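1. coords please:
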Amino acid sequence: MTTAKSAPRKTAAKKTTAKRAVKKAPAKKTAAKRPTAQFRQGAVASNGLKSFALHSLDASSKPAVNAMAAARAAQPVFAFAGGAGPQAMDPETAARGYLEQALASDATPQFALPVANKVPSEFKSLGTEAIPLTGTTTVKFRQTFGKIPVYGSLVTVELDMQNQLIGINSALGTPIGVKPVASISAANAVSAVKAYPGYSKKLDGVVPRLNYYYDNGASKWRLVFILEDVPVVPDKKGPSPVLMDYVVDAHTGKVVTATPRTPTAATSGTGIDGLGETRTFETDKTGNVNLMKDSTLNVQTFDFGFRDPVTGEALLPGKPIKNPPVFSPSAVSAHANAEAVSLFLRNVLKRNNIDNQGGLMRSSINCVDRSDSPDGKQWVNAFWNGRQMVYGQRLAGTTFLSMSVALDVVGHEMFHGVTDKTSRLEYAKQSGALNESYSDIFGIIIANNANPNPVTWNWLIGAGLTPSGAPFRDMSDPTRFNQPDNMKSFVVLPNTPNGDNGGVHINSGIHNKAAFNVLVAKKAGKLAFKPQEVAAIFYLALTQRLSRTSQFADSRRAVLDSARTLFRALPAAELASRITAIEGAFSAVGIN
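-> Down below sits the predicted model:
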């Protein structure tokens, strides 16, 4: 199995147009006294990026945060809006000011402006987002050199309601030794992808874009053309993604890697779902006909008539489902479970459907990838194809059992959509395992949302859906289904479909176990967190602090800083105990 952003928060004063005098590469850093605290600065990771995290409620960051505040007050070079302060600015201008100060300040010695080939980094704004869960604002930036972005780079600056700095989280690269001018054209890159074996591609309208890209296999930086979301169909029998990203070396014209983008795995109506349960859901009634559409949540379910959602993608979503005749059990499962996911997104995470704009959440039942089906009708899979959900089914006696019967599977797949709209975690190796794990985490939390005690939860993912009836995974004990539960058992596999794209489904068990540890963590004999709090922490980490090539250690930092922000109003001792619980949960599985 496999955002548009919220409107920026209004500030009390007009946006300033004054240029700040901060130098991007100062010869001498500010005179603030260098603190002795240990910064959470990562070494260069396997994705080629160096991480940095600073949070106002992290004890190790406090000296730097205080020193930067003192420098802003004492030195005109860091003055905001002529002395009026950041509250007089729009969030993006304030965030850029904090970013530039941190890069130039002696208070943050491990955080310096990367320079490659004598060219300093610049930072392109990706937009501002108000976060209802925390009452904060995040401003995100992409690192560039000469207007060419660094693949996977991200800086997130978090502000409070007065535009005061809460934290900075970053992953930056230094692509040295790379010629910045492409030797081939964008058209040559398209031709290279067209000739690349494995799938037939629909390349009309796909625009290659230059990036600096770290090739982990060759341990080197490259200038590449990246072609995103290329629709594909298989050249031979076997499971296939729907969308692929292709990376083409801009000097040699060779395809460096190919990565799947689509992970594989008002009127009240009632009906019997695929598990024999009576479900109540909203339909759209016109005359004597009930359309399986929830206009309030903007959820609709369709029947694809056992057609292939890969080769027949243009025919999706299929036929709208109506009653009469009757709502089938598969349709009831898909529709009611999609409503449950939508309600969870809105009520618990304050997210307006998958795209955060209230966009239509479509589901199509009775789908079958014919290249991966024994009889043209059974297909034990489901996936988010970049635009909607598609569900396969298997025979259970004389009837079909849809993959949509399991709420944890529906939540899992739809959360791939949330990931696709936010961090876009690359579906390979550790970032791909994170992609899978975050979907598992939210699938399990959504499925057990009515039970406030995680100790008694059902931790099985996809129970009863395989032909043997066995589940796909167990979050509480990953080893039960041949997944590692600790970094010391991390499985190294080739980044190919036969190698599970570097072990994305296998190694996800390690991060799953860390999340399980957080959910059942106790202090003084009681649960340390409510499940909804854990959901909020991991959601903020996924959507605000992770980027395309984030690693397990990045997720640990992101979860910790998300908790610091979410619980910042708690007494210091209470906040510290929660942070300790999270650190222990990740350390127990070797994510340090």
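
2. Quick one: mean pLDDT for stretch 75-94?
-> Per-residue pLDDT values over stretch 75-94 give a mean of 76.

3. Between the two ends of that stretch, what distance do you get?
-> 16 Å (C-alpha to C-alpha, to the nearest Å).

4. going forward, begin numbering at 491 instead of 1
-> New numbering, starting at 491: the last item is stretch 565-584.

5. Report pLDDT for the spatially most central residue of the chain.
-> The centre of the chain sits closest to T909, judged by C-alpha atoms, centre = their mean, with a distance of 3.3 Å. With respect to pLDDT, T909 has a value of 97.

6. Help me confirm that it is found in a helix?
-> Yes. The assignment for T909 by DSSP: H, G, I helix; E, B strand; the rest coil puts it in a helix.

7. my guess is it meets N925, correct?
-> Yes. Under the criterion of C-beta atoms under 8 Å, T909 makes contact with N925 at 5.7 Å. Quick note: C-beta positions are derived from backbone N, CA and C, even for glycine.

8. what do the two both touch?
-> Common neighbours of T909 and N925 (criterion: C-beta atoms under 8 Å, 6 or more residues apart in numbering): L915.

9. give me the low-pLDDT residue ranges for this structure?
-> Low-confidence segments of the chain (pLDDT under 70): 491-533, 566-574, 725-730, 754-759.

10. can you give me the helices for it?
-> 552-564, 581-594, 676-685, 819-837, 897-911, 919-937, 990-993, 998-1010, 1021-1030, 1042-1056, 1062-1077 (DSSP state H).

11. Would you mind pulling the contact partners of the shortest one?
-> Residues from elsewhere that reach helix 990-993 (C-beta under 8 Å, 6+ apart): 749-750, 917-920, 922-923, 980-985, 996.

12. among those, which are in strands?
-> T749, P750 (DSSP state E).

13. Among the contacts of helix 990-993, which pair sits farthest apart?
-> Largest separation among these by C-beta to C-beta: P750 and F980, giving 21.0 Å.

14. mind giving me the domain split of the protein?
-> Following automatic domain parsing, one gets these domains for the chain: 530-662, 676-750, 757-899, 919-1077.

15. okay, how far is it across the shortest one, tip to tip?
-> Distance between the two ends of domain 676-750: 21 Å, counting by C-alpha to C-alpha.

16. out of the contacts of helix 990-993, which are buried?
-> Burial by neighbour count, judged by 16 or more other C-beta atoms under 10 Å, picks out T749, P750, Y917, A918, K919, Q920, G922, A923, F980, V981, N985, I996 from those.

17. contacting residues for the first one?
-> Contact partners of T749, counting by C-beta under 8 Å, 6+ apart, are M734, D735, V737, E916, Y917, A918, N985, N991.

18. What sits closest to the last one if chain neighbours are left out?
-> I take that to be N991. Once flanking residues are discounted, N991 sits nearest to A918: 4.9 Å by C-beta to C-beta, 6 or more residues apart in numbering.

19. again with the fourth one
-> With C-beta to C-beta, 6+ apart as the criterion, E916 has its nearest non-adjacent residue at 4.9 Å, and that residue is R1038.

20. So what touches stretch 667-675?
-> 606-607, 609, 635-636, 638, 700, 702, 710-713, 715, 738, 740-743.

21. which residues touch the residue nearest to E916?
-> Contacts of R1038 (C-beta under 8 Å, 6+ apart): Y641, G642, S913, R914, L915, E916, S921.

22. Most neighbours among those residues, please name it.
-> Compared across the contacts of R1038, L915 has the highest neighbour count, 29 neighbours, by other C-beta atoms under 10 Å.

23. show me what contacts the residue nearest to it when sequence neighbours are not counted?
-> Among residues not flanking L915 along the chain, N925 sits closest, at 4.0 Å (C-beta to C-beta, 6+ apart). When contacts are counted by C-beta under 8 Å, 6+ apart, N925 touches P753, H906, T909, L915, E916, Y917, V994.

24. For N925, give its distance to S913.
-> Counting by C-beta to C-beta, to the nearest Å, the separation of N925 from S913 is 9 Å.

25. same check, this time on A828
-> Separation of A828 from S913 (C-beta to C-beta): 22 Å.

26. E767 too?
-> Per C-beta to C-beta, E767 is found 34 Å from S913.

27. Could you tell me which of the contacts of stretch 667-675 count as buried?
-> Here, 16+ other C-beta under 10 Å leaves A606, F635, I638, L700, Y702, W711, R712, L713, F715, V738, A740, G743 buried among the contacts of stretch 667-675.

28. how about the second one, what does it touch?
-> Shown in contact with F635 (C-beta under 8 Å, 6+ apart): A606, N607, V609, S611, E612, P665, P670, Y702.

29. mind putting those residues in CSV, distance to T773 included?
-> Formatted as CSV, the contacts of F635 follow (distance: C-beta to C-beta, whole Å):
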residue, distance to T773
A606, 57
N607, 61
V609, 58
S611, 53
E612, 52
P665, 54
P670, 57
Y702, 51
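
30. just checking, which of those residues belong to strands?
-> Of the positions in the contacts of F635, A606, V609, E612, Y702 sit in strands, assigned by DSSP E.

31. between those residues, which is closest to S546?
-> When the ones in strands among the contacts of F635 are compared against S546 (criterion: C-beta to C-beta), the nearest one is E612, at 25.9 Å.

32. Correct me if wrong: that closest one contacts T634.
-> Yes. With contacts counted by C-beta under 8 Å, E612 reaches T634, the gap being 5.1 Å.

33. neighbour count winner among those two?
-> Remark: of E612 and T634, T634 carries more neighbours, 17 against 14, as counted by other C-beta under 10 Å.

34. what residues are up against that one?
-> T634 touches S611, E612, F613, K614, V640, counting by C-beta under 8 Å, 6+ apart.

35. give the contact list for K691.
-> If a contact means C-beta under 8 Å, 6+ apart, then K691 has V683, K684, V720, P721, V722, M734 as its contacts.

36. wait, G743
-> Per C-beta under 8 Å, 6+ apart, neighbours of G743: S673, I674, N678, A679, A682.

37. ok, longest strand in this structure?
-> Max-length strand for the chain by DSSP E is strand 710-724.

38. list the helices and strands that strand packs on?
-> With contacts taken as 3 or more C-beta pairs under 8 Å, 6 or more residues apart in numbering; DSSP states H and E, strand 710-724 sits against helix 676-685, strand 689-691, strand 699-705, strand 733-739.

39. now the angle from the last one to helix 897-911?
-> With axes from the mean of the first three to the mean of the last three C-alpha atoms, to 10 degrees defining the directions, strand 733-739 sits at 40 degrees from helix 897-911.

40. Can you list the neighbours in contact with strand 733-739?
-> Here strand 733-739 has contacts from 674, 679, 682-683, 686, 689, 691, 698, 703, 712-722, 744-752, 875-876, 916, using C-beta under 8 Å, 6+ apart.

41. just the angle between it and strand 699-705, please?
-> Using the same axes, to 10 degrees, strand 733-739 lies at 80 degrees relative to strand 699-705.

42. Name every strand pairing with strand 733-739 and say which way it goes.
-> Pairing partners of strand 733-739, with direction, according to DSSP bridges: strand 710-724 (antiparallel), strand 745-750 (antiparallel).
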